[in-house]
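Participant: next come a sequence and a model predicted from it.
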Amino acid sequence: MLFHSNYRNNSRDKMCKLKTNLVFILCLYSILLYPQNQTVKNSFNEILKKKAAQFDQESNFNKAQYFFINKKWDSTLVYSMKQLSSGNNKELSDYCHYIRGNSFRQLKLFKEAQKELNLISKDFPFYYLADKYLGEIYLELKEFDKAISHFEKLEKRTPAQTPDYKISVIYQNLGLCYLHLQKFDKAEEYLFKSKELKEKENDNASLTYLYMNIANLYYTQYKDDKAITYFEKSYSLSKQIKDFDKKRDAALNMAVVEENRGNFKKSLVYRKEFEQWKDSLTNQNKIWALADYEKKFAVAQKQKQIKVLEVENQLKNTQRNSLFFSAIGLLIILTGGVYLYAQKAKNSKIILTQKNKLDQLNNTKDQLFSIVSHDLRSSVNALKTSNSKLSTTLETKNYDELNQLIIQNSAIANGAYSLLDNLLHWAMLQTKQLYFHKESVHLNSIVQQIEYNYKPLLLDKSITFENSVPKNIFILADIDSLKIIFRNLLDNAIKFSNENGKISFYTRENNSEYCELVIEDNGIGMSQETIKELLADNDLLAKKNDSEIIGTGLGMQLCKQMIKKNNGTFTIESEINIGTKIILTFPKITNNG
Amino acid sequence: MDNIHVLIIEDTPEQSDALEKVLLQHNYTVVGVARNFTDALKLFYENTIDIIIIDVFLNGKPDGITFAESINIIPNASKPFVFLTSSQDRQIFERAKLTKPFSFLMKPFNELEILYAIEMAVEKFYDQINVFLSEEQNTVISNNHLFIKKKNALKKVSTNDILYIEVEERYCNIITEKEKFVILISLTKINELLDKNKFIKTHRNTIVNSDKIEEIILADNLIILKGNHKINLSDTYKDFIKKMNILS
C-alpha cells in the first residue's frame, strides 16, 4: 500500500523515499540472516549432538536437542524447560538457555529470546553467538545503539574464532545500524568492508541486498548517480538468482529510481517486472493455496469414502443381521413344522386306533343285524303262522291238535327268547357293559335251575336228564354267565339228541383246585372238523352253515367267551352217532364249613 | 317252627302274583306287596319281616335301590333282601352293589332260582355262606332265629322258644315247648353261633336255654326246664351255676 501511494503521488519527497528504502532494509535483514544461520547451526549443532551423547541420561535435554536440530521450536521449548527445572548442570543450562533463546527468536518472540540469551553465563563457549543474536534482536527491535554494542564485540574477533558465521554479515549489520542512525560515513565504511568480503565470496544473493543497501545509502544522501549504479548492479545480480522477493525488490527499486528521474517509460517497464514477480509470488501462493485446497478436497474425498465405507459396513451389518434373523426364523419354522408333523402323526395314530375300534363295533352291529334279520325274524314269523293255525284249529275245536300247536308255539317262543337273550349278552360282552361279579355258586342248584326251564322240552323229546353233580361242590363264578353257558349247552344237547336219549351233568374229580363238569349226551355227535371250527378262537361269529340244525354259532361263541371270563376251560369230545361230551372246568371253592 | 315272612316290593302285578304263588307253594308267608317306595317303607315298619324281595325299578325309577339304601342306614333294622332286575345295566349294578350284602336275580326266573336266591340272601346277610346247599349243615343262626332249610323251603325258629338242644352225631335235636325237630349242624358250630349268655352247655351234648330253667337240683345233677323237661347236669359244666347265683 505504501508503495502504491508513493507511486500515485509521484513526488520527489526524499524522506518518503528514504522511508521506503528503510523498509526495504528491514525486510532485507531477516532474509540476509538465513544463510548465516545455516552455517552457525551446523557447527553449533555438532557440538550440541556431542553434548547430548555425553549427557545421554538427561532424556529431556536429549529430546530438546533433537527437536532443536529438527527445527521443532515448540517441542524444543517444552523439553528444554523440563531440563531447566529438573537438571542442575550449569553447562547444560547454558545450552538450554541458548537453544531456548534461539527458538523464541525463530518464533519472533524477541523479548523472551532476549531474556533467555541474557541468562547465558559468560563461560559458555558459544557466548559470542549469543552476542550476535542479541545484536540481531536489537536490530529487529530498532534499538540500533545496543545492536551496535553487541556487533562491535564480535567485530573484534578474528575470523578463526568465529567458525559459525562470516564476518561480512557483522559488517553488513553494523553498516545497517549506522545507516539507520544516519551516520553515513561509518555506514559506508562497514558496508564497503562487507562488500569486499562478499565479492570475494561471490555470494550473489547477499550481494543483491548489499548493493541495494549501498544504493540506499547513497540515495539517502542524494548521491543519485552512485546510488543508481548500485541499484543497477543489484538489479543485474537479481537476474541471476531465483529468489522472487529479491527480484521483486530490485525491480521495484529500479522502478522508483527511474520514476524519480522522470524516466516513466523505464519506470513502467520495471514496475511491470515488479508486478510480474509479485504475481509469481502470488501465483506461488495461489499454488500453495490450491495445493492446500486440493489437500482439503482430498481429505473431504477421503472422508466421503470413509462415510461410504461406513454406510457399506452398516449395510453389510444389516444384511448379516437380516440373514441371521431369517436363519433363526427358518429354524423356528422347521422346528414348528417337525412338531406339528409329530403331533399330526400322533393324532392320526389315535384316529387309526379309534377307527379300528369303530370298525370292530360296526362289525358287531352288522352281525347283530344279520342275526336279528334272519333268525329272529324267522322265529317270530313261525310263531305268527303257528298262531294263525292255532286260531283256525280253535274254530274247528280240534283240541288234540290245539294242544300240540300250543306246545309248538311255546317251543318257538322259547327258542326265540333264548336267541334274544344270547344276542343281548353277546352284545353286552362285546361292548364290555356286562356286569360281572364272581361269587361262590352251588353247582348242583344251578344245574337244577337250568334243567327246570328245559323240562317241557326234555319231556317232549322223552330225553332222560340226570344231574349227578355232588351237592358239596361250590365253584367261583359269575352266576348269570354260568347260567347262560349251561342254558346254551343244554339247549345244544337237547337239539342234537335223538328221541329217548339221555343227557347227564356230572363232575370228574381229579383236581383240588378245579372242578371238571361234563355235559354228556348220546345224540348225533359231530365231526372233528366241526369241533375244530367250534373251538377256533374267533371273536367274530362263524358263518352260518346252510343246515337248519347248526344254528348261528352265536351261542357257542358266547359260551367260549363267558367260560374264559370265568377263568374256565372248554373242550369237546365227540363221536358221530355216539354222542358228545362237553368238558368244562371252573375254579373250585373248598368249603371248610 | 314258623314260616319265613317275606315282603315283596314289585310294581308289576303279574310278576308279584307269580312270585307270591311260588312263595306260598313253598310255605313262605307273604306279609305284603308294596307297589312303590312309600308303601314299602310303611309295610316294612308295620310288620315283622324276615326277607325282602325288591324290584330295582319301581315305575321306571330305581326306587328299589333307594329302599335298600334307606333300610341299610338304620342300625339293626336291615333284613336280608334280594334284588330283582331285568336290566344288566352296569351303572345300576354298581349302585346296587353298594347296598351290601348284595344279592340279585335276573328276570325272568323260575321257582328254583327264586328259592336259591332267597337262601343265598339269608346266608350272605348273616355271613354264613354255603350252608343251606351243603350236606353238612342246613341252618343259619342269627341272634333271634334259626333259619332252617326243610326240603326246598326255609323255616325259622325263634331262639326264645328253644328249651334245649340235644346233639346227636351230626344232628341237633331242637326241643321247644311245642315241638321237637332235628337240624343238621355240628355242636361246635351251634355253640359258637348262639348267644353265649343265653345258651349254656350243661352236658357234653346238651345246650340249655338259661331263660327256661325252672329248677336246678344239684344233688341229682338235674335241671328242670319249663314244661317239666329234665336235663342231666354234668360236673364238668357246673361252673355256670356260680354265674347264676351271682346274677340272682
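Facilitator: It's in.

Participant: any regions of chain B where pLDDT drops low?
Facilitator: Applying pLDDT under 70 to chain B flags residues B:88, B:244-248.

Participant: domain-wise, how is it divided?
Facilitator: Domain assignment of chain B by automatic domain parsing yields the ranges B:2-125, B:161-247.

Participant: with distance to chain A and mean neighbour count added, can I get those in TSV?
Facilitator: For glycine as for every other residue, the C-beta is placed from the backbone atoms N, C-alpha and C. Below are the domains of chain B laid out as TSV (distance: least, Cβ to the nearest Cβ, whole Å; neighbours: other Cβ atoms under 10 Å in any protein chain shown):
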stretch	distance to chain A	mean neighbour count
domain B:2-125	4	18
domain B:161-247	8	15
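
Participant: reformat these as CSV; add distance to A:Tyr218.
Facilitator: Shown next, in CSV, are those (distance: least, Cβ to Cβ, whole Å):
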stretch, distance to A:Tyr218
domain B:2-125, 149
domain B:161-247, 173
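
Participant: next one: stretch B:64-77 to chain centre, how far?
Facilitator: Here the centre of stretch B:64-77 is set off from its chain's centre by 18 Å, with Cα atoms, centre = their mean, to the nearest Å.

Participant: what sits up against it?
Facilitator: Applying Cβ atoms under 8 Å, 6 or more residues apart in numbering or on different chains, the external contacts of stretch B:64-77 come out as B:9, B:37, B:40-41, B:44, B:52, B:54-58, B:78-79, B:81, B:83-84, B:92, B:95-96, B:98-100.

Participant: what pairs with the helix or strand containing A:Cys515, parallel or antiparallel?
Facilitator: Taking DSSP states H and E as the definition, A:Cys515 sits inside strand A:514-521. Strand pairing for strand A:514-521, determined by DSSP bridges: strand A:502-508 (antiparallel), strand A:579-589 (antiparallel).

Participant: contacts for it?
Facilitator: Outside strand A:514-521, the residues within contact range by Cβ under 8 Å, 6+ apart are A:443, A:469, A:473, A:475, A:486, A:489-490, A:493, A:496-497, A:501-510, A:579-588.

Participant: pull out the buried members of those residues.
Facilitator: The neighbour count (16 or more other Cβ atoms under 10 Å in any protein chain shown) marks A:443, A:469, A:473, A:475, A:486, A:489-490, A:493, A:496-497, A:501-505, A:507, A:579-582, A:584-586, A:588 as buried among the contacts of strand A:514-521.

Participant: quick one: low-confidence parts of chain A?
Facilitator: Residues of chain A meeting the criterion pLDDT under 70: A:1-43, A:158-165, A:537-552, A:591-593.

Participant: residue numbers of chain A in contact with chain B?
Facilitator: By the rule Cβ under 8 Å from any Cβ of the partner chain, the part of chain A lying against chain B is A:424-425, A:428, A:433-435, A:437, A:440, A:442, A:444-446, A:448-449, A:452-453, A:471-472, A:474, A:480, A:483, A:589, A:591, A:593.

Participant: switch to 10 Å and redo it
Facilitator: A:417, A:421, A:424-425, A:428, A:431-437, A:439-446, A:448-453, A:455, A:470-474, A:479-480, A:483-484, A:589, A:591-593 (Cβ under 10 Å from any Cβ of the partner chain).

Participant: out of the strands paired with strand A:514-521, which comes closest to A:Ala255?
Facilitator: If you check each of the strands paired with strand A:514-521 against A:Ala255 by Cβ to Cβ, strand A:579-589 wins as the nearest, at 150.3 Å.

Participant: so the spatially most central residue of chain B: helix, strand or coil?
Facilitator: With distances taken as Cα atoms, centre = their mean, B:Phe147 lies nearest the centre of chain B, 3.9 Å away. The local conformation at B:Phe147, judged by DSSP: H, G, I helix; E, B strand; the rest coil, is strand.

Participant: how near is the closest residue to it other than its chain neighbours to A:Ala251?
Facilitator: Spatial nearest neighbour of B:Phe147, excluding adjacent residues (Cβ to Cβ, 6 or more residues apart in numbering or on different chains): B:Val140 at 4.3 Å. Distance of B:Val140 to A:Ala251, computed by Cβ to Cβ, to the nearest Å: 161 Å.

Participant: show me what the top helix by length along chain A is packed up against.
Facilitator: Assignment by DSSP state H gives helix A:264-371 as the longest helix of chain A. In terms of contacts (3 or more Cβ pairs under 10 Å, 6 or more residues apart in numbering or on different chains; DSSP states H and E), helix A:264-371 is packed against helix A:2-9, helix A:224-240, helix A:244-260, helix A:399-430, helix A:554-565.

Participant: try 8 Å this time
Facilitator: Helices and strands touching helix A:264-371, by 3 or more Cβ pairs under 8 Å, 6 or more residues apart in numbering or on different chains; DSSP states H and E, are helix A:244-260, helix A:399-430.

Participant: deepest-packed of those helices, please.
Facilitator: Mean neighbours per residue, mean count of other Cβ atoms under 10 Å in any protein chain shown, is largest over the helices and strands packed on helix A:264-371 for helix A:244-260, with a mean of 22.

Participant: and the spatially most distant residue from the centre of chain B, helix, strand or coil?
Facilitator: Centroid-distance maximum for chain B: B:Ala219 at 38.8 Å, with Cα atoms, centre = their mean. Using three-state DSSP, the structure places B:Ala219 in coil.

Participant: sorry, back to before: for the residue nearest to the centre of chain B, what are its contacts?
Facilitator: Counting by Cβ under 8 Å, 6+ apart, B:Phe147 has contacts B:Ile4, B:Asp50, B:Val122, B:Tyr126, B:Thr139, B:Val140, B:Ile141, B:Leu154, B:Lys155, B:Lys156.

Participant: name the nearest residue to B:Phe199, sequence neighbours excluded.
Facilitator: Leaving aside its sequence neighbours, B:Phe199 sits nearest to B:Ile207 (Cβ to Cβ, 6+ apart; 5.0 Å).

Participant: what strand or helix carries that neighbour?
Facilitator: In this assignment (DSSP H and E), B:Ile207 forms part of strand B:206-209.

Participant: just give me how far the lengthiest helix in chain B sits from the chain centre.
Facilitator: The longest helix of chain B (DSSP H) is helix B:111-125. Taking the mean of its C-alpha atoms, helix B:111-125 sits 12 Å from the chain's own mean (Cα atoms, centre = their mean).

Participant: stretch A:354-368 now?
Facilitator: 59 Å.

Participant: any buried residues in it, and which?
Facilitator: If you call a residue buried by 16+ other Cβ under 10 Å, then stretch A:354-368 has these buried ones: A:Thr364, A:Gln367, A:Leu368.

Participant: show the contacting residues for the first one.
Facilitator: Contacts for A:Thr364 (Cβ under 8 Å, 6+ apart) come out as A:Ala427, A:Gln430, A:Thr431.

Participant: the first one contacts A:Leu368, correct?
Facilitator: By that I understand A:Ala427. Yes - A:Ala427 lies in contact with A:Leu368 (Cβ atoms under 8 Å); the separation is 6.0 Å.

Participant: run through the helices of chain B in chain order.
Facilitator: Secondary structure of chain B by DSSP H: the helices cover B:13-25, B:37-46, B:63-73, B:90-97, B:111-125, B:187-193, B:240-247.

Participant: go through stretch A:384-395 and flag the buried ones.
Facilitator: Buried, per 16+ other Cβ under 10 Å, within stretch A:384-395: A:Ser386, A:Leu390, A:Thr393.

Participant: contacting residues around the residue nearest to B:Phe199?
Facilitator: B:Ile207 touches B:Tyr164, B:Ile165, B:Val167, B:Leu187, B:Ile190, B:Asn191, B:Leu194, B:Phe199, B:Ile200, B:Lys201, counting by Cβ under 8 Å, 6+ apart.

Participant: same thing but at 6 Å, please
Facilitator: Contacts for B:Ile207 (Cβ atoms under 6 Å, 6 or more residues apart in numbering or on different chains) come out as B:Ile165, B:Phe199, B:Lys201.
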